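# Sequence and predicted structure below; questions after.
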Amino acid sequence: MNRQVKARPIIAMIGDELSAFQRPIVACVNQCLGKAGFGLLYVCGGPLKPTADWDDNVPVARNAIYTLTREYPVDGYIVFTDSIGSHATIDSLACFVRHYTHRPVVCYGPGPDEVACVQLDNYSSMVSMMEHMTSDPQRRRFVFLRGYPDSPSSSDRERAFRDILTSRGIPVDESLLLNGNYQPVDAFDAMDALLESTHDIDAVVAANDDMAQSAIHALLKHGLQIPQQVIVSGFDDSAAADRSIPSLTTVHYSQETMARQVVETLLMQIEATDVDVPSRRVVTVPAKIVIRASTEKQFLPSTLETEHISAFDAANFRATVLKNLQVLKTPRGLKAREVVDDIVSMLVNGTRYSGSRLESALRRLHDRPDDVYWWRHLHQQITTNLQRCSSEGQSPDALALTASILGQIHQTTWKVENALSVEDARYVQGILQFRARLAQVNSIADLLALLKVINEQFPVKASFLCLYETAGECPDKSTRLLARWPEDCVDHDLQTSFPSTEVLPDNYLHSEFPGPLVLQPMCSGTTQLGYTVHDLSDERYPGKLNTTALADSLAITLWRLMSA
């Protein structure tokens, strides 16, 4: 396939990896750049400091790709400082960013004084959250689940936590400040260990939603009610906040707005002359707290313990259910009022499920499995709100219709979740088989044959395996294409090398790929072997491919073959 066409400008985004946290952010940036006519190359060279106790004098092998990135034929850089600098000091992060100031550059997160950045005011946002969390003077024992100890964002959030408690005259108990490392498992283990020793806590404030959800699991395991006994808050308003039951109070900011501001700030530099606009521009993206059931009992479904049995009031039922659902993200294309109106019509008038808007909305769930959380909350709302009502005011068939409604929701969500579980199991099994077969590879020819099979089993839009002409502690200046999928995606002789700074041959980097292109270095110890590039726009298993783990597995095999 000949790609000698008008080159499309490219922006390089520098991040540590492409995990569940980075994926939606990178997707938003890619979409904004695409609208402006730019492509995106996302470079995953690992964090500047992998762990808090990492020796600063020991280089991070994967970071070597960042030196090469500086020479890529791109029009500008986005440095994902919120991700790449988790354990790095402010000074080392600033020093890193300055390596890219030879071209237009903007930081997604904090940056040095002379570089433009788009960031969230973590301190003020957490102050607002803490003002809400401390509004009940009876609550005095506050747990804080911090992220990475050296993370600037986590540090700002912890500082706000401490300041508000102090200003309210609430003691800061250091034993209640736990390391969750932004990870669900670490946060659960920390909360579980705390609760093994004491239940004397009133609130849990987490530095992100995943840790808050883990805290909820730990609290429920130990028999504590939320929010009656312990209130819980998160941060980011991620998918975890919606999946949580009870729904999670959190800090919301728009990733789409942040991505748009990053792209607009970068384009201003690209399009302007030196006198038109200064390179330093700080944009603070607004945030707000979203109050949900994990801190406010009013958003919980009504229960028999708190309400007496009364006649069914259709208007009150409708208003209560809609009020409690409105704090959740409504699935795209779904009209909550229409769904609830149909449920009320079935209960009052005996309207049939078949042909209803409820049926149509549930049918669409098969194509949008991520929306299961909303339907689970609706199921809970219907069940508990009807428990406090007698049959008076409902149609003669209301009992059967209620069972039918709840049954349809439960059955559909079960089918969707079961299908996801089957897909997950199939994917994991395929990956395990791939790793087992990698261990049996005895030649480059065997490896290429295996890669062809794997690319057919787990296809993406395009994949490339690139090897440096000479392996060493620094990326080599010349690279050759060892493998590509599909085979006609570039018209290039596999025996012919090309400059490593071009990333890919045949002008592919500047072609009209939907992208983003994701680049992962391949290292064996400190030895740089090459890199992989994936266009993930057509993944068979969206969001599941761990490009870092794949590159590491290939590096191990290649080094074994090269050393034989």
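Now that the structure is in, tell me what you want to look at.
# Please make it C-alpha for all contacts and neighbour counts, starting now.
Noted.
# Next, the contact list for Q429, please.
Listed by CA atoms under 8 Å, 6 or more residues apart in numbering, Q429 has no contact partners.
# typed the wrong thing, it's V143
Contacts for V143 (CA under 8 Å, 6+ apart) come out as 176-178, 201, 203-205.
# Return the distance of K329 relative to Q298.
For K329, the distance to Q298 (CA to CA, to the nearest Å) stands at 18 Å.
# Residue ranges in the protein under the pLDDT threshold?
1-6, 273-280, 299-309, 489-492, 539-541 (pLDDT under 70).
# Quickly list the domain ranges of it.
1-114+441-564, 122-254, 303-421 (automatic domain parsing).
# ok but Q119 is inside a strand, no?
Yes: applying DSSP: H, G, I helix; E, B strand; the rest coil, one finds Q119 inside a strand.
# Tell me where the stretch 151-300 of the chain has strands.
177-179, 203-206, 231-233, 250-252, 282-285, 288-290 (DSSP state E, counting those that start in this stretch).
# Pull out the buried residues from the longest strand along the chain.
If you go by DSSP state E, the chain has its longest strand at strand 462-472. Going by neighbour count (16 or more other CA atoms under 10 Å), the buried part of strand 462-472 is 462-469, 471.
# What of stretch 138-156?
Going by neighbour count (16+ other CA under 10 Å), the buried part of stretch 138-156 is 139-156.
# Please apply the same query to stretch 199-219.
Buried residues in stretch 199-219, counted by 16+ other CA under 10 Å: 201-219.
# which residues are contacting it?
With contact meaning CA under 8 Å, 6+ apart, stretch 199-219 is reached by 133, 139-147, 154, 157-158, 180, 182-185, 187-188, 191-192, 195, 225-226, 229-238, 240-241, 244, 248, 250.
# ditto for stretch 170-181
Outside of stretch 170-181, the residues within contact range by CA under 8 Å, 6+ apart are 140-149, 162, 165-166, 186-188, 190-191, 194, 211.
# Check stretch 27-46 too.
So stretch 27-46 is contacted by 8-18, 26, 60, 62-66, 69, 84, 255-256, 259-260, 262-263, 510, 512-521, 548 (CA under 8 Å, 6+ apart).
# what's downstream of the longest helix along the chain, the next helix or strand?
As assigned by DSSP state H, the longest helix anywhere in the chain is helix 398-438. Next helix or strand after helix 398-438 toward the C-terminus (DSSP states H and E): helix 444-457.
# and that next one, what other elements does it pack with?
helix 398-438, strand 478-485 (3 or more CA pairs under 8 Å, 6 or more residues apart in numbering; DSSP states H and E).
# please redo it, this time with the cut-off set to 10 Å
Contact analysis of helix 444-457 by 3 or more CA pairs under 10 Å, 6 or more residues apart in numbering; DSSP states H and E lists helix 398-438, strand 462-472, strand 478-485, helix 547-563 as its packing neighbours.
# rewinding a little: filter the contacts of stretch 170-181 down to the ones in helices?
Per DSSP H, helices hold the following members of the contacts of stretch 170-181: 162, 165-166, 186-188, 190-191, 194, 211.
# out of those, who has the most neighbours?
M211 (30 neighbours; other CA atoms under 10 Å).
# Next one: that one from V232, what distance?
Counting by CA to CA - M211 and V232 are separated by 10 Å.
# related to what we said a few turns ago, could the buried residues of strand 462-472 be laid out in TSV, adding distance to D493?
Putting the buried residues of strand 462-472 into TSV (distance: CA to CA, whole Å) gives the following:
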residue	distance to D493
A462	17
S463	16
F464	14
L465	14
C466	13
L467	14
Y468	15
E469	15
A471	21
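# Of these, which pair is most distant in space?
Greatest spacing in those, by CA to CA: A462 and A471 (24.7 Å).
# tell me which element S360 falls in.
In the assignment (DSSP H and E), S360 maps to helix 357-364.
# Tell me which helix or strand comes right after that helix.
Counting by DSSP H and E, the next helix or strand C-terminal to helix 357-364 is helix 372-387.
# Would you mind naming the residues that bridge with V143?
V204 (DSSP bridges).
# roughly how far apart are it and V232?
9 Å.
# what sits against L494?
Counting by CA atoms under 10 Å, 6 or more residues apart in numbering, L494 touches 466, 480-484, 505.
# What count of nearby residues applies to E271?
11.
# for R159, same thing?
Residues contacting R159 under the criterion other CA under 10 Å number 15.
# Same check on T402?
Considering only other CA under 10 Å, T402 is surrounded by 17 other residues.
# if we can go back for a sec, please render the helices and strands packed on helix 444-457 as TSV that adds distance to D370 to the earlier fields.
Converted to TSV, those look like this (distance: least, CA to CA, whole Å):
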stretch	distance to D370
helix 398-438	9
strand 462-472	25
strand 478-485	29
helix 547-563	22
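# out of the contacts of L494, which one sits closest to L529?
When the contacts of L494 are ranked by distance to L529 (CA to CA), C466 comes first, at 8.6 Å.
# residues touching the closest residue to that closest one other than its chain neighbours, list them.
Leaving out its chain neighbours, the residue that sits closest to C466 by CA to CA, 6 or more residues apart in numbering is L481, at 4.6 Å. Contact partners of L481, counting by CA under 10 Å, 6+ apart, are 464-469, 492-498, 504-505, 530-532.
# before we move on, the earlier item: return the set of buried residues in the helix holding S360.
Across helix 357-364, burial judged by 16+ other CA under 10 Å covers 357-359, 361-362.
# So what touches that helix?
333-336, 338-343, 352-354, 368, 371-372, 375, 405, 408-409, 412-413.
# Now the buried members of those residues.
Here, 16+ other CA under 10 Å leaves 334, 336, 339-343, 352-353, 371-372, 375, 405, 408-409, 412-413 buried among these.
# Reformat the buried residues of helix 357-364 as JSON lines; add distance to G525.
Output for these, formatted as JSON lines (distance: CA to CA, whole Å):
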{"residue": "R357", "distance to G525": "58"}
{"residue": "L358", "distance to G525": "56"}
{"residue": "E359", "distance to G525": "56"}
{"residue": "A361", "distance to G525": "52"}
{"residue": "L362", "distance to G525": "51"}
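# Of those residues, which is the nearest to G76?
A361 (43.2 Å).
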